[in-house]
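**Student:** When you get a sec, could you give me coordinates for this:
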Amino acid sequence: MARKNKILIVDDDKDILELLKYNLEKNGYEVYVEKNSLLSLRRAKNVVPDLIILDIMMPQLNGLQVCDQLRKLPDFQ
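**Tutor:** I've put the predicted structure just below:
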């Protein structure tokens, strides 16, 4: 059985998370969602997704800050 590609979606909008998750799972992807930008860093480390869909405008850390933090990690360079 082939491995499903993993996608992490990070967005503080619940409706966007649900819509993207539904459509991506329908197309055979393994989808993880996170509403909290700080927690998304931990989730990314645990999941090591093939793709991260990251909202730019979020509370706490914005999407660019999350991206900068991820790029400092060996699995995301």
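**Student:** residue ranges with poor pLDDT in the chain?
**Tutor:** Filtered on pLDDT under 70, the chain yields the residue ranges 1.
**Student:** again, 90 this time
**Tutor:** For the chain, applying pLDDT under 90 flags the ranges 1-4, 59, 75-77.
**Student:** Which residue ranges of it form strands?
**Tutor:** For the chain, the strands defined by DSSP state E occupy 6-10, 30-34, 51-54.
**Student:** Would you mark the buried spots in the last one?
**Tutor:** Buried residues in strand 51-54, counting neighbours by 16 or more other Cβ atoms under 10 Å, are found at 52-54. For glycine as for every other residue, the C-beta is placed from the backbone atoms N, C-alpha and C.
**Student:** For that strand, what is the distance to the chain centroid?
**Tutor:** 4 Å (Cα atoms, centre = their mean, to the nearest Å).
**Student:** Same check on the second one?
**Tutor:** Counting by Cα atoms, centre = their mean, strand 30-34 is centred 6 Å from the centre of its parent chain.
**Student:** which of the buried residues of strand 51-54 lies closest to residue 65?
**Tutor:** Lowest distance from residue 65 to these (Cβ to Cβ) belongs to residue 54, with 10.2 Å.
**Student:** I'd assumed residue 66 was in contact with the closest one.
**Tutor:** Yes. With contact defined as Cβ atoms under 8 Å, residue 54 counts as touching residue 66 (6.0 Å).
**Student:** can you list residues touching both of those two?
**Tutor:** Residues touching both residue 54 and residue 66 (Cβ atoms under 8 Å, 6 or more residues apart in numbering) are 10, 40.
**Student:** thinking again about what came up before, wait, which of the strands of the chain is closest to residue 70?
**Tutor:** Nearest of the strands of the chain (Cβ to Cβ): strand 51-54, 7.3 Å.
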